[in-house]
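J.: show me how the following folds:
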Amino acid sequence: MDATASDMSGIRIEPIAAAHIDSFHRALDVVAREKKYLSMLEATPLPDTRAFVMGMIAKANPQFVAIAQDEVVGWCDIDRHFFPSHAHRGKLGMGILPAYRGQGLGQKLIETTLRAAQEAGFLRVELDVYQDNHRAIALYEKMGFVREGIIRRAARIDGRFIDAIGMALLFDEDAALSLIATQEDASAK
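T.: Predicted structure coming up:
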């Protein structure tokens, strides 16, 4: 994918690279410390974040970042399930710095990441979203995710329980398998 696949007012969406890790870690920490959107309440230590990102790259899992003025301002990733019988599934995670919300950046990130997931052969993408995160729920539904159930008391933050909604998007299996076969044919030549 072209490193400048998307450009919104100087914001680029690109696959994550080792050079982005420090900035990604800072962005992750800002969103986590809001205590509204992520399961973590602060970013994991930098070495753990580095290991996560390098693992995602090594496994060719889709992970994209939004870059503004050489800083990560948002991200979206899909981590493939590790059991072979579930390897068609992945878990989506994303976040955007507060100053960059409400500008369509989330939609650009998720579109780019879902396209890469489909090209990589994912057939199902899952996510959990806190029930009070109405903006994210609306985005996910717009992208085709459907609600599959409520996860009661999914999180406890500052003594308050928060329910989550389990959502999933299913790609058309025939189209995905056809795309994989085409890619395999092309790489065999």
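J.: the strands in the protein, which residues?
T.: Secondary structure of the chain, counting by DSSP state E: strands at 6-8, 11-15, 63-68, 71-80, 89-96, 124-130, 146-157, 160-170.
J.: so for stretch 142-156, mean pLDDT?
T.: Computed over stretch 142-156, the mean pLDDT rounds to 96.
J.: need the contact list for the nearest residue to residue 139 once chain neighbours are set aside.
T.: Leaving out its chain neighbours, the residue that sits closest to residue 139 by CB to CB, 6 or more residues apart in numbering is residue 106, at 5.4 Å. Glycine gets a C-beta too; all of them are placed from N, C-alpha and C. Residue 106 makes contact with 74, 76, 94, 96, 136, 139, according to CB atoms under 8 Å, 6 or more residues apart in numbering.
J.: quick check: the fifth one touching residue 38?
T.: In other words, residue 136. No. In this structure residue 136 lies outside contact range of residue 38 using CB atoms under 8 Å: 11.1 Å.
J.: ok, the closest residue to residue 107 other than its chain neighbours - contacts?
T.: Residue nearest to residue 107 in three dimensions, not counting chain neighbours: residue 139, with 6.2 Å by CB to CB, 6+ apart. Residues in contact with residue 139 (CB under 8 Å, 6+ apart) are 106-107, 110.
J.: try residue 120
T.: 60-62, 80.
J.: nearest to residue 170 among those?
T.: residue 80 (15.5 Å; CB to CB).
J.: show me what contacts the closest one?
T.: Taking CB under 8 Å, 6+ apart as the test, what residue 80 contacts is 59, 61, 87, 89-90, 120, 122.
J.: show me what residue 128 bridges to in the sheet.
T.: Here residue 128 sits in beta bridges with residue 166, as judged by DSSP bridges.
J.: hey, which helix or strand in this structure has the poorest pLDDT?
T.: strand 6-8 (a mean of 51; mean pLDDT, DSSP states H and E).
J.: quick revisit: just name the closest of the contacts of residue 80 to residue 146, please.
T.: residue 89 (14.9 Å).
J.: so what's that closest one bridging to?
T.: Beta-bridge partners, per DSSP bridges, of residue 89: residue 124.
J.: contact partners for residue 127?
T.: Neighbours of residue 127 in contact, by CB under 8 Å, 6+ apart: 91-93, 140, 145, 166-168.
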